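Participant: With the input below, show me the fold.
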Amino acid sequence: QVQLVESGGGLVQAGGSLRLSCAASGRTFSSYAMGWFRQAPGKEREFVAAISQSGGRTYDADSVKGRFTISRDNAKNTVYLQMNSLKPEDTAVYYCAARLSSITTILALYNYWGQGTQVTVSS
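Facilitator: Sure, this is the predicted structure:
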């Protein structure tokens with residue numbers, strides 16, 4: 001099993017940047033594909049970005065392409081989401097997730113979830 005703890009959320013003005021971190025417990029972090037998802041009030045949770053175990057493959061949602069970058073540091077058991085050029089529509093609770101299999105964008109295939117971190121973008 002793996003436990004996930006997100007951090008780095010907060011309030012930022014439109015056009016600003018934030019970097020989210022997700023720290024994982026355990027010694028097998030490099031075995032997990034990781035993903036970031038978000039959920040805005042009144043909306044379903046949606047895919048944001050994903051990264052393979054080695055970091056060699058990444059997927060991004062069209063809505064964040066060119067603005068958000070997912071990365072990981074297996075030595076630190078941490079996955080990051082660098083968010084630039086933030087927009088009010090990026091406001092949501094951001095969750096990281098892990099799965100012991102190949103990279104995917106499908107929410108239902110992730111087995112482990114963090115508690116989420118709030119990101120609020122003001123206009």
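Participant: Do a quick rundown of the strands in this protein.
Facilitator: In the chain, the strands defined using DSSP state E lie at 4-7, 10-13, 18-24, 33-39, 46-51, 58-60, 68-73, 78-83, 92-99, 112-113, 117-122.
Participant: Identify the residue nearest the geometric centre of the chain.
Facilitator: residue 36 (2.4 Å; C-alpha atoms, centre = their mean).
Participant: Give me the nearest residue to it, chain neighbours excluded.
Facilitator: Residue nearest to residue 36 in three dimensions, not counting chain neighbours: residue 48, with 4.3 Å by C-beta to C-beta, 6 or more residues apart in numbering. Every C-beta, even on glycine, is put in place using the N, C-alpha and C of the backbone.
Participant: Now do the same contact list for the one you found.
Facilitator: 35-38, 60-61, 64, 68, 81, 94 (C-beta atoms under 8 Å, 6 or more residues apart in numbering).
Participant: Against residue 39, how distant is it?
Facilitator: 10 Å (C-beta to C-beta, to the nearest Å).
Participant: now swap in residue 112 and tell me
Facilitator: Using C-beta to C-beta, residue 112 is found at 17 Å from residue 39.
Participant: Same check on residue 15?
Facilitator: 23 Å.
Participant: Between these two, point out the one with more neighbours.
Facilitator: More neighbours surround residue 39 than the other of residue 15 and residue 39, with 14 against 11 (other C-beta atoms under 10 Å).
Participant: Please name the residues that touch that one.
Facilitator: 45-46, 92-93, 95, 116.
Participant: one more time with 7 Å, if that's ok
Facilitator: 45, 92-93 (C-beta atoms under 7 Å, 6 or more residues apart in numbering).
Participant: Not counting its neighbours along the chain, what's nearest it?
Facilitator: Once flanking residues are discounted, residue 39 sits nearest to residue 45: 4.2 Å by C-beta to C-beta, 6+ apart.
Participant: which residues touch the one you found?
Facilitator: Contacts for residue 45 (C-beta under 7 Å, 6+ apart) come out as 37-39, 107.
Participant: Now a PyMOL select for only the buried ones of these.
Facilitator: One line in PyMOL is enough to select the buried members of these, burial here meaning 16 or more other C-beta atoms under 10 Å:
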select buried, resi 37+38
